[in-house]
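Undergrad: quick one, structure for this:
(chains A, B, C and D)
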2 protein chains.
Amino acid sequence: MKEGPQISIIASLIGDPARANMLTALMDGRALTASELAAVAGITKQTASTHLAKLSTGNLLVREVQGRHHYFRLKDEKIAHVLETLMSFAEHNTQGRVRVGPKDPALRKARICYDHLAGEQGVFLYDALLKNQWLYNDKDTINLTSKGQGIFEIFGIDIETLNKNRRPICRTCLDWSMRRHHLAGGFGAILSGLFDKKWIYRDKTTRIIHFNPRGETQFKKWLT
Amino acid sequence: MKEGPQISIIASLIGDPARANMLTALMDGRALTASELAAVAGITKQTASTHLAKLSTGNLLVREVQGRHHYFRLKDEKIAHVLETLMSFAEHNTQGRVRVGPKDPALRKARICYDHLAGEQGVFLYDALLKNQWLYNDKDTINLTSKGQGIFEIFGIDIETLNKNRRPICRTCLDWSMRRHHLAGGFGAILSGLFDKKWIYRDKTTRIIHFNPRGETQFKKWLT
DNA sequence: TTCATAGTTCGAGCTTAACCGTACCATCGC
DNA sequence: GCGATGGTACGGTTAAGCTCGAACTATGAA
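TA: Just a heads-up that it's a prediction; the model follows:
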């Protein structure tokens, strides 16, 4: 009776097509300017401005002002998780044939999800890290092993960032396309490492992550 | 660009306060009549009827006609999962003080979530079943051990129902209040067993599950 | 200073949809 | 058969909110 309206406020914020387009565009964790968001939503800047104000006061987005540019970003990974859940549901709920995942095979293979790797490769990464006992799964939080600590250091990933705020951050979330867990939270730092090593690169317009041929073999090699 | 509207359709269905109240009222997995749902939403039957039609065509609800009564139920546990995710987010997202779970301590202790036990007791159940090796966690699906099979039979739970459609059903979902996994899917049959044994009973108006004093001790005893 | 760009605010138009009153249909009990 | 109850269909009203044009502010460049 009282939590109904609670969720309806959030849902109605996502329920507008223009706002939904903006939010999905921000799903990759990047910050976009108001004009860019207006473009992806197909509306004028004035309209976009009011939408962005609503999303900000609704605590779905945060605004960061740099000079005359206003950058907007998803507030945290919690809202990203909500959006992924909705996407997953919408995907399976479409009338007609049922699909088990995103249409685009590339999206299913590897994509960015807020700040971490998702898709088949994300699940592979998660499994491999556990298998090699670099991480261990205590109940439902994930922690570094001493063995893993050494490996990550060699790999050039800052252990500090992994450990910094590892409390709410060592969370696993269900993968959209594979219905399996992949690595979320602070361990997204691994993603930066992959970029730095140029094993992967981002698609400019979508959430797809491409592996360089050499990068992929080295990625597999690293994890076996 | 194209999945934005996809999720906005779902979200706008949940985004109406009256509909959100209906959906949360159905979160316990029971089927309610149109009149009952009109009452919980605080609207007339006519208005409720149009809402329910929209929710049904949107594949969020299923309608079951029995005589002159129309019963409505959540379509599947996927939509229940979406609603739980939204509730969790709304709870943590409220302005002012942050709360880690439902306001009501009873709700946090034990509540019904679609067709299974959630809350502290749900997490306890999940942990205990794994610890006793009645279930085992293979990757992210949960299966019965031979040991567990015997125990459940003694306990009077139909193994068939547990096994029937165990594919998409052995799913774990994040608990709303505890941020831990509890048992979902087909193993909700365990819940029926608890009811049959009269260890637990339901609150009439809320999702709260109460333990009978004797039931609680026997529950603990069973799981140790 | 002057101009251009990025963004917000205000006001007005317009569409959508939630809501209820009335009327209508189906089922159950008598 | 009849009345009572549960539910839907339709029409009109009202309110909300999405949208954009125009005006205004702030930053940056010439």
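Undergrad: show me what the longest helix along chain A is packed up against.
TA: Longest helix of chain A, by residue count under DSSP state H: helix A:77-93. On a contact count with 3 or more Cβ pairs under 8 Å, 6 or more residues apart in numbering or on different chains; DSSP states H and E, helix A:77-93 meets helix A:3-15, helix A:17-25, strand A:172-174, helix B:3-15, helix B:77-93. Yep, even glycine has a C-beta here, placed from its N, CA and C like the rest.
Undergrad: list the buried residues of the next helix or strand after the longest one.
TA: Remark: after helix B:77-93, the chain's next helix or strand is helix B:105-109, criterion DSSP states H and E. Counting neighbours by 16 or more other Cβ atoms under 10 Å in any protein chain shown, one finds that the buried residues in helix B:105-109 are B:Leu107, B:Arg108, B:Lys109.
Undergrad: circling back: and the helices and strands packed on helix A:77-93: which comes nearest B:Gly150?
TA: Closest to B:Gly150 of the helices and strands packed on helix A:77-93 is helix B:77-93 (Cβ to Cβ; 27.4 Å).
Undergrad: let me see the ranges of the helices in chain A.
TA: Using DSSP H, helices in chain A cover A:3-15, A:17-25, A:34-41, A:45-57, A:77-93, A:105-109, A:120-131, A:146-155, A:159-163, A:189-196, A:213-222.
Undergrad: now do the last one against helix A:120-131, angle only.
TA: Regarding helix A:213-222 and helix A:120-131, their directions subtend 30 degrees when assessed with axes from the mean of the first three to the mean of the last three Cα atoms, to 10 degrees.
Undergrad: let me see the mean pLDDT of helix A:213-222.
TA: Helix A:213-222 carries an average pLDDT of 83.
Undergrad: can you give me the buried ones in it?
TA: Those would be A:Gly215, A:Phe219, A:Trp222, for helix A:213-222 by 16+ other Cβ under 10 Å.
Undergrad: for those residues, which one is nearest B:Met27?
TA: Using Cβ to Cβ, these come closest to B:Met27 at A:Phe219, 41.8 Å.
Undergrad: now the closest one, nearest residue through space, not along the chain?
TA: Leaving aside its chain neighbours, A:Phe219 sits nearest to A:Trp199 (5.4 Å; criterion: Cβ to Cβ, 6 or more residues apart in numbering or on different chains).
Undergrad: list the contacts of that neighbour.
TA: With contact taken as Cβ atoms under 8 Å, 6 or more residues apart in numbering or on different chains, A:Trp199 is in contact with A:Phe211, A:Asn212, A:Arg214, A:Gly215, A:Glu216, A:Gln218, A:Phe219.
Undergrad: dump the residue contacts of A:Ile79.
TA: Taking Cβ under 8 Å, 6+ apart, we find A:Ile79 in contact with A:Leu23, A:Leu60, B:Phe89, B:Asn93.
Undergrad: against B:Tyr71, how distant is A:Phe219?
TA: Remark: distance between A:Phe219 and B:Tyr71 (Cβ to Cβ, to the nearest Å) = 52 Å.
Undergrad: cool, and A:Ala80?
TA: Distance of A:Ala80 to B:Tyr71, given as Cβ to Cβ: 36 Å.
Undergrad: before we move on, the earlier item: the helices of chain A: which one's closest to B:Tyr126?
TA: Of all these, helix A:120-131 sits nearest to B:Tyr126, with 19.4 Å by Cβ to Cβ.
Undergrad: got the domain boundaries for chain A?
TA: According to automatic domain parsing, chain A comprises the domains A:3-75, A:79-222.
Undergrad: ok, back up a step: among the contacts of A:Ile79, which one lies nearest to A:Leu37?
TA: A:Leu23 (9.4 Å).
Undergrad: quick one, what contacts the residue nearest to the closest one when sequence neighbours are not counted?
TA: In space, A:Leu23 comes closest to A:Leu83 once its chain neighbours are excluded; the distance is 5.9 Å by Cβ to Cβ, 6+ apart. With contact taken as Cβ under 8 Å, 6+ apart, A:Leu83 is in contact with A:Ile14, A:Leu23, A:Thr24, A:Met27, A:Leu74, B:Ile7.
Undergrad: shaky segments in chain A?
TA: A:1-4, A:94-105, A:113-115, A:137-143, A:154-189, A:204-205 (pLDDT under 70).
Undergrad: which one among the contacts of A:Trp199 gets closest to B:Leu194?
TA: The shortest approach to B:Leu194 among the contacts of A:Trp199 belongs to A:Phe219, at 46.7 Å (Cβ to Cβ).
Undergrad: so the closest one touches A:Gly193, yeah?
TA: No. Shown here, A:Phe219 and A:Gly193 do not form a contact pair, counting by Cβ atoms under 8 Å, at 10.7 Å.
Undergrad: now do the phi/psi pair for the residue of chain A found nearest DNA strand D.
TA: Minimum separation of chain A from DNA strand D (Cβ to the nearest atom of the strand) falls at A:Gly67, amounting to 2.8 Å. Main-chain dihedrals, A:Gly67, degrees, to the nearest 10: phi 60, psi -130.
Undergrad: neighbours around it, how many?
TA: A count of neighbours around A:Gly67, defined by other Cβ atoms under 10 Å in any protein chain shown, yields 5.
Undergrad: the closest residue to A:Gln121 other than its chain neighbours and A:Gly119, how far apart?
TA: Residue nearest to A:Gln121 in three dimensions, not counting chain neighbours: A:Ala110, with 4.2 Å by Cβ to Cβ, 6+ apart. Using Cβ to Cβ, A:Ala110 is found at 5 Å from A:Gly119.
Undergrad: mind checking the backbone torsions on A:Gly119?
TA: phi 90, psi -170.
Undergrad: give me the number of residues near it?
TA: Neighbours around A:Gly119, by other Cβ under 10 Å: 27.
Undergrad: again with the one 10 residues further on
TA: For A:Leu129, the neighbour count with other Cβ under 10 Å is 23.
Undergrad: I figured it was touching A:Ile151, is that so?
TA: No. Assessed by Cβ under 8 Å, A:Leu129 is found out of contact with A:Ile151, at 9.2 Å.
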